[in-house]
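Asker: Could you look at this predicted model? Sequence included:
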Amino acid sequence: MSLNFNKIYQESINNPEKFWKEASEDIFWFKKPTKILNKSNPPFFKWYEDGVTNTCYNALDFHIDQGKGNKTALIYDSPITGNKSKFTYDQLRSKVSKFAGALKNQGVNKGDRVIIYMPMIPEAVIAMLACARIGAIHSVVFGGFASNELASRIDDSEAKLLVTASCGFEPGRTVEYKPLVDEAIKQAQHKISKMILFQRKGNEVKLNAPMEISWDEAHANAKDTDCVEMNSNEFAYILYTSGTTGTPKGIVRDIGGHIVALKWTMKNIYNIDEDDIWWSASDIGWIVGHSYIVYAPLFKGCTTVLFEGKPVGTPDAGAFWKIISDYKVKSLFTAPTAFRAIKKEDPEGKFFSKYDLSKFESLFLAGERADPDTIKWAENLLKVPVIDHWWQTETSWAISSNCTGIEMMKTKYGSACKAVPGYDVKIIKSDQTLAKPNEMGDIVVKLPLPPGTFPTLWNADQRYKENYMSNYEGYYQTYDAGHIDEDGYIWIMSRTDDIINVAGHRLSTGAIEEVLSEHQSVAECAVLGIADKLKGQLPIGLIVLKAGVDKDNDTISKECIQMVRDKIGPVAAFKVAIVIKRLPKTRSGKILRGTIRKIADNVEYKMPPTIDDPAILDEIKQDLIDNKILNNG
Ligand code: COA
Ligand code: AMP
């Protein structure tokens, strides 16, 4: 029995104000909050509403004030380019404070939005922290998104400035950012006033002054700039994520709660102390990268690794072991798909045996379901605990986990362990009643959510309320389904909306359908995520053509695939579009996506009672067999 954990967890649920007041004492405030939680306007809750602080101060200055300026804050390692560097807290602050001055020179002020569209280089982290320093709201866009997605984020955030780089490097291909950015700026209705571009050596691009300036030019007259005082409830950043429709949702993060919660997690969930080396192998464009490459480790004052590489192919399946060994990493956080990729290439762990991992203590996995085979393989190889934990962009930190800094709990393979302090997780069944242990249902969290979670959506209070807080009064709807067992372990089984997880990347099938529908030969379509051994899920498109189309199917498929790549980006990993005669529907015209997915995954399915024409299911099955989709998983 985990007595200590249970006691702490219960305290957090029974008296959240006391719990989070104590946690708030661990961070730096210009003015300490006296009001811990404002519950007067549910579902909009305010943590620490009269507190005054600054995100960047807590990430850098706070540690320097305590004499730790010489300690390494950031280690950058890029097996793709061969570049490596280290920054102490002093050095990082100096760069951040200069770039903050550069942003100010370009007219960026408190509350202005700045889009950051960059590869995994230190300048991306510097840009994020510089925004925080002057109270600008950053919105980082993942490099694998196409111009169209970037344009929609420029429009929604009404960004003043965009920071980018000349290119990113993917194994075997250079991602030229400038043409993508140019196209996005052209497409966006809202016009940004300036672009700052970091020229990567050997890949410099031409800039059109005065609108476009280089990173170096931006520094020309930049002065060191101090942290501005920010109210706790002002916003630190917007991170767009896939929603239930094609329009991405701007998840916002308020400042005070974010610092308190993330700092708390480093010790309590991850058992990381100030002298530890921590590595999150994700991308700064995702929530895991925001929280665990940049913010949480720096709030904690430990050392964080920024890795511009892949688990395989940069150069080999030993890349992760090399980083852990070279920098004496204590814990790694990544997505299960990274380990599946390593396992696929090096099932016997031959690369592993070349490195010294004696300092390595634990592996954390999240972003998608961690299949027991992968966990067991990793445990056998690494001989350390492998911890599956569950969270979302909306929350920015784990909802359920083994809280290893409080008390190590036993692993139940397939479960993401127990609710973390702060989260009162429940299961609600389709009849709207609370589930008993082991009964399946929608996973919800009782309001108020703890600090650090999303207080609203950017410029969309109503969407926040309707989308997340209305179906179950008094609860946050996670859109995950599953059950909680008799020991309180949470089992995440599936999404209840159109979101799929491809290689740990969150995508909306609805957004892909919107793109396919724009093809002039497509009458209707369905996109579904089918099981994939490497990436967890892969999207496939089923397309029905308009009458009288005389192009051949193969050409249409290729055009559709290219359209998704151009409009959403390579990250969608959309490689299969099959032309079929008709789609199975209910009598009221709803496409039976769930049933098609079951057929594709070769799992048992019941004939939906409302199906219009049952014979279509056999046709679909044959189409999937002909296209070698069946048994893919
Ligand atoms: N910029 C531009 N393109 C990118 C990109 C980026 N930052 N990241 C990925 N892409 C591209 C890839 O090059 C690939 O393009 P391609 O179709 O031309 O090959 C496409 O997007 C799909 O990428 P991905 O799904 O990542 O597949 P992959 O085959 O390149 O790599 C893994 C597979 C498992 C190695 C990779 O997904 C991985 O390292 N995952 C780690 C998990 C992770 O970081 N999760 C994030 C949340 S924790
Ligand atoms: P994102 O917002 O990109 O972090 O994606 C969040 C979604 O990923 C969740 O709602 C889940 O569907 C899925 N997810 C994240 N972590 C896990 C996990 N440990 N187990 C199962 N699904 C997970």
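Answerer: The structure has been received and is ready for your questions. Only a predicted model underlies this, so the values are computations on that prediction, with no experimental measurement involved. Ligands and ions are numbered 1, 2, ... in the order given.
Asker: How many residues are close by the residue of the stretch 301-450 of the chain found nearest ligand 2?
Answerer: Using CB to the nearest ligand atom, the single residue of the stretch 301-450 of the chain nearest to ligand 2 is Thr393, 3.4 Å away. (Each C-beta comes from the backbone N, C-alpha and C, glycine too.) Thr393: 19 surrounding residues under other CB atoms under 10 Å.
Asker: Name the residues of the stretch 451-600 of the chain found near ligand 2, please.
Answerer: Contact residues (CB under 6 Å from any ligand atom) of the stretch 451-600 of the chain with ligand 2: 478, 480, 492, 495, 501, 506.
Asker: In this structure the fourth one contacts Tyr479, no?
Answerer: When you say that, I think you mean Arg495. Yes: with contact defined as CB atoms under 8 Å, Arg495 reaches Tyr479; the gap is 5.7 Å.
Asker: Of the residues of the stretch 451-600 of the chain next to ligand 2 - the most surrounded one?
Answerer: Neighbour tally across these (other CB under 10 Å): the maximum, 23 neighbours, falls on Thr478.
Asker: How about Pro372: what's its closest non-neighbour residue?
Answerer: Tyr413 (3.7 Å; CB to CB, 6 or more residues apart in numbering).
Asker: So that neighbour is in contact with Ile375, correct?
Answerer: Yes: the pair Tyr413 / Ile375 is scored as a contact, 6.0 Å apart, by CB under 8 Å.
Asker: now the longest helix along the chain: how far from the chain's centre is it?
Answerer: If you go by DSSP state H, the chain has its longest helix at helix 89-105. Relative to the centre of its chain, helix 89-105 is centred 26 Å away, using CA atoms, centre = their mean, to the nearest Å.
Asker: what's the answer for stretch 590-610, then?
Answerer: 29 Å.
Asker: Tell me the span between the first and last residue of it.
Answerer: 10 Å (CA to CA, to the nearest Å).
Asker: what's in contact with it?
Answerer: By CB atoms under 8 Å, 6 or more residues apart in numbering, the list of residues contacting stretch 590-610 from outside reads 509, 524, 526, 528-531, 540, 542, 583-588, 611, 614, 617, 620-621, 624, 629-633.
Asker: and with 6 Å instead?
Answerer: Outside stretch 590-610, the residues within contact range by CB atoms under 6 Å, 6 or more residues apart in numbering are 526, 528, 530-531, 583-587, 614, 620-621, 624, 629-631, 633.
Asker: hang on, the earlier thing: in JSON lines: the residues of the stretch 451-600 of the chain next to ligand 2, plus pLDDT and distance to Lys598.
Answerer: Formatted as JSON lines, these follow (pLDDT from 0 to 100; distance: CB to CB, whole Å):
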{"residue": "Thr478", "pLDDT": "98", "distance to Lys598": "23"}
{"residue": "Asp480", "pLDDT": "96", "distance to Lys598": "19"}
{"residue": "Ile492", "pLDDT": "97", "distance to Lys598": "19"}
{"residue": "Arg495", "pLDDT": "92", "distance to Lys598": "15"}
{"residue": "Asn501", "pLDDT": "93", "distance to Lys598": "18"}
{"residue": "Arg506", "pLDDT": "91", "distance to Lys598": "22"}
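Asker: Make sure Val108 is actually in contact with Ile137.
Answerer: No: with contact defined as CB atoms under 6 Å, Val108 does not reach Ile137; the gap is 10.1 Å.
Asker: Which positions in the protein make contact with ligand 1?
Answerer: 143-144, 168, 170, 175, 282-283, 286, 288, 310-312, 334-335, 337-338, 341, 367, 502-505, 535, 570-571, 573.
Asker: Which parts of this structure belong to which domain?
Answerer: The record's domain parsing of the chain by automatic domain parsing lists 3-309+389-482, 503-626.
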